[in-house]
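**Q** Quick one, fold the following:
(one chain, ligands or ions: 1)
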Amino acid sequence: MFVRIVNGPLELEPAGGRLRALVPTMGYLHEGHQELIKRAAAENEEVVVSIFVNPLQFGPGEDYQTYPRDLDRDARLAAAAGADIIFHPSSETIYPPGFATTVSVTGPLSELWEGERRPGHFDGVATVVTKLFNIVRPDSAYFGEKDYQQLQVVRRFNTDLDLGVKIVAVPIVREPDGLARSSRNVYLTAEERPKATVLYHALLAVREAAAGGATPEEAVAAGKKVLASVPEFVPDYLAVVHPETLEPISNWLPGARAIVAGRFPTVRLIDNMEVWHR
Ligand code: AMP
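**A** The predicted structure follows:
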């Protein structure tokens, strides 16, 4: 298992008919990222994993400075999952002096939920992912459903700007107790960690209520009751939404998603689940 680490500008051989995949990450890899890399390696001949803590997608007071970083460990985990190249650029490589262009998805898709709580976040994501697509020129790019709204934002600008990259969505990888794996889980204290499953249990409650004949509104109420059982967790939102537009729905439709976010004293967590199949 050999992985080439590129810290400066990325110069790739022409793909020459070989399928090239990109897996964009902010590093501090875990099994969720590894699942993306494994899928990419199974379906492509060349896998580029980008590791870039993108300053543009962090707001003031967020954790840009303290975001966990460990390149040596990431290189081992990426190689073990089948990565060929790690692209680990500096901030100056991506945003050199004079940089003045952003990509912005407008409307509810980027303004609701995470967009409301993290103004500018999706512009930062859209800008860096567009740049990564242009630098790496992948045939396909792999994103986790963990960041569900981000996935839909990426699909939107990829289509709107004719970027032509095949966007592959990978289901959420969870800890055995249901907590969605996340680089930020390391912030959880020992006391908070078992309680952090509350997001997962709230989503399950929504899904079970839906299966039992509840309306979306009633199902959300059932989920909120679960959230309220953990007072240390302050919810930002719990909603049932359209799977592509992320707008709240009042009638069930195939692929309907429950989305949830909120804060423990040490960390903000998000999660989501498909709650209606047919
Ligand atoms: P991040 O490093 O947090 O920016 O995540 C990089 C990519 O990995 C994104 O597409 C995430 O959605 C995806 N990802 C993160 N955690 C998980 C998980 N638990 N399961 C599946 N994908 C994940």
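**Q** I figured A210 was touching M273, is that so?
**A** No. Using Cβ atoms under 8 Å, A210 makes no contact with M273, being 10.4 Å away. No exception for glycine: its C-beta is placed from N, CA and C like everyone else's.
**Q** excluding its backbone neighbours, what's nearest the residue at minimal distance from the centre of the chain?
**A** By Cα atoms, centre = their mean, the chain has its centre lying nearest to D147, at 3.0 Å. Sequence neighbours aside, I270 is the residue nearest to D147 in space, at 7.3 Å (criterion: Cβ to Cβ, 6 or more residues apart in numbering).
**Q** again, but for S90
**A** Leaving aside its sequence neighbours, S90 sits nearest to N7 (Cβ to Cβ, 6+ apart; 7.1 Å).
**Q** From A210, how far out is the residue nearest to the centre of the chain?
**A** As defined by Cβ to Cβ, to the nearest Å, D147 lies at a distance of 23 Å from A210.
**Q** which ones are touching the residue in the stretch 101-250 of the chain that the ligand sits nearest to?
**A** The stretch 101-250 of the chain approaches the ligand most closely through G144 (2.1 Å), counting by Cβ to the nearest ligand atom. G144 is in contact with 32-33, 35-36, 151, 169-173, counting by Cβ atoms under 8 Å, 6 or more residues apart in numbering.
**Q** how close does A196 sit to P265?
**A** Relative to P265, A196 is positioned 12 Å away (Cβ to Cβ).
**Q** Counting neighbours, go ahead and name the busier of those two.
**A** Neighbour comparison, A196 and P265: the larger count goes to A196, with 24 against 12 (by other Cβ atoms under 10 Å).
**Q** ok, back up a step: go back to the contacts of G144 and keep what's next to the ligand.
**A** The residues of those that also fall near the ligand, by Cβ under 6 Å from any ligand atom, are 32-33, 35-36, 170, 172-173.
**Q** mind putting those residues in TSV, neighbour count and distance to V103 included?
**A** Output for the ones next to the ligand among the contacts of G144, formatted as TSV (neighbours: other Cβ atoms under 10 Å; distance: Cβ to Cβ, whole Å):
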residue	neighbour count	distance to V103
G32	20	25
H33	29	23
E35	19	27
L36	27	22
V170	20	23
I172	18	26
V173	18	28
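**Q** From those residues, which land in strands?
**A** V170 (DSSP state E).
**Q** distance between the helix or strand of the chain with the lowest mean pLDDT and the chain's centre?
**A** Sorting the helices and strands of the chain by mean pLDDT, DSSP states H and E puts strand 4-6 at the bottom, at a mean of 93. Here the centre of strand 4-6 is set off from its chain's centre by 23 Å, with Cα atoms, centre = their mean, to the nearest Å.
**Q** what does it rub up against?
**A** Residues from elsewhere that reach strand 4-6, judged by Cβ under 8 Å, 6+ apart: 71, 75, 84-89.
**Q** cool, and stretch 39-52?
**A** Residues outside stretch 39-52 that contact it (Cβ under 8 Å, 6+ apart): 10, 12, 15, 18-27, 29, 33, 37, 71, 74, 78, 81-89, 94, 128, 132, 136, 138-140, 142, 168, 170.
**Q** Spell out which parts of this protein neighbour the ligand.
**A** Residues of the chain lying close to the ligand (Cβ under 6 Å from any ligand atom) are 25-26, 32-33, 35-36, 143-144, 146-147, 170, 172-173, 180-183.
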